[in-house]
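In: sequence first, predicted coordinates after that:
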Amino acid sequence: MKGESKTILVPTDFSQVAEYALQHAVRVSGVVKEPITILHIVKAEADKAEAEARLEKIVRGTKEKYGVDITPVVRVGNIFTDIALVADEVQASFVVMGSSTIKEMDENKVSWVLKVITSCKVPFITIQEPPVNKRYDEVVFPVDFTLENQEKHKWISYFSDFYLSRFHLVKPNTTDPELLAKIDINMASARRFLDQKGAKSVEYTVPGLKPYEQEILSLAANIRADLIVLMTTPLDSEGRFTVDPMEQYILANAGHIPVMCINPR
């Protein structure tokens, strides 16, 4: 992924958590050397002038505080379609978006965030708190039985190009021989990518005493993970959005740990 002309896209609703997302993007930009585009979506043309003025204030403040130039974009539309459209237009490598914790969101709001994420071709990194580390040195990589899980593996190359990442490959505890065989295939695929990049890794099987998503978060907290990488549930055969409880739980409860959601294509 090196050498491509890319940008980091940061949607903002001018909230505090959106500011955290911009702070995170600034830190990552310093490592991957990609510019930042900040986006605000308004419902009507009449709202554009005020939004542009607010974005210009953020642009000036970011330049003064971090020495970073960012490009503002205001779009009339809705978040469910236009974040994805702008991501295509600006050739975003990924989107960094603020996302409130479960304490501040009901279940429908978490589903809403997932719907925004799955509308986009490129990955989303969701942020709940200010950045702790500008690097992705400890990456939690849940491994499941789905074929789509292997689409995450190309991002091993991305992390390995820019970071000295150690990948924590986490698989569920199951005695089902068919599921176990599929998980082992995905684990072998991840190992192959890691070996090709000369990356470090640690493998875990969770105890199976709690739901898988809770054990993933416990492990991530214990190792002070810098990132959790998830594969979102693909749209069904009729193109309808489906909420996966594991994705929903991790997105809502990750706390200080950014979550990268990769959408299967």
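Out: The structure has been received and is ready for your questions.
In: where in the stretch 1-150 of the chain is pLDDT low?
Out: Across the stretch 1-150 of the chain, the ranges flagged by pLDDT under 70 are 1-4, 100-111, 147-150.
In: can you show me the strands along it?
Out: Assigned by DSSP state E, counting those that start in this stretch, the stretch 1-150 of the chain shows strands spanning 7-11, 36-42, 70-76, 92-98, 124-127, 138-142.
In: output those strands in a markdown table, with mean neighbour count and distance to A181 appended to each entry.
Out: Glycine gets a C-beta too; all of them are placed from N, C-alpha and C. Putting the strands of the stretch 1-150 of the chain into a markdown table (neighbours: other CB atoms under 10 Å; distance: least, CB to CB, whole Å) gives the following:
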| stretch | mean neighbour count | distance to A181 |
| --- | --- | --- |
| strand 7-11 | 25 | 38 |
| strand 36-42 | 21 | 43 |
| strand 70-76 | 17 | 46 |
| strand 92-98 | 24 | 32 |
| strand 124-127 | 27 | 31 |
| strand 138-142 | 24 | 18 |
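In: for V17, find the nearest of these.
Out: If you check each of those against V17 by CB to CB, strand 92-98 wins as the nearest, at 3.3 Å.
In: just checking: what are the partner strands of that closest one?
Out: Applying DSSP bridges, strand 92-98 is found paired with strand 7-11 (parallel), strand 124-127 (parallel).
In: ok now it, how far from the chain's centre?
Out: Taking CA atoms, centre = their mean, to the nearest Å, one finds strand 92-98 lying 7 Å from the centre of the chain it belongs to.
In: do I have it right that V59 meets P72?
Out: Yes - when contacts are counted by CB atoms under 8 Å, V59 is listed as touching P72 (5.5 Å).
In: re earlier: want to try a markdown table for the strands of the stretch 1-150 of the chain, with distance to P177 as columns?
Out: Putting the strands of the stretch 1-150 of the chain into a markdown table (distance: least, CB to CB, whole Å) gives the following:
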| stretch | distance to P177 |
| --- | --- |
| strand 7-11 | 43 |
| strand 36-42 | 47 |
| strand 70-76 | 50 |
| strand 92-98 | 37 |
| strand 124-127 | 34 |
| strand 138-142 | 20 |
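In: of all those, which one is nearest Y163?
Out: Using CB to CB as the measure, strand 138-142 is the one of those that comes nearest Y163, at 8.3 Å.
In: after the closest one comes which helix or strand?
Out: Next along the chain after strand 138-142, taking DSSP states H and E as the criterion, comes helix 154-162.
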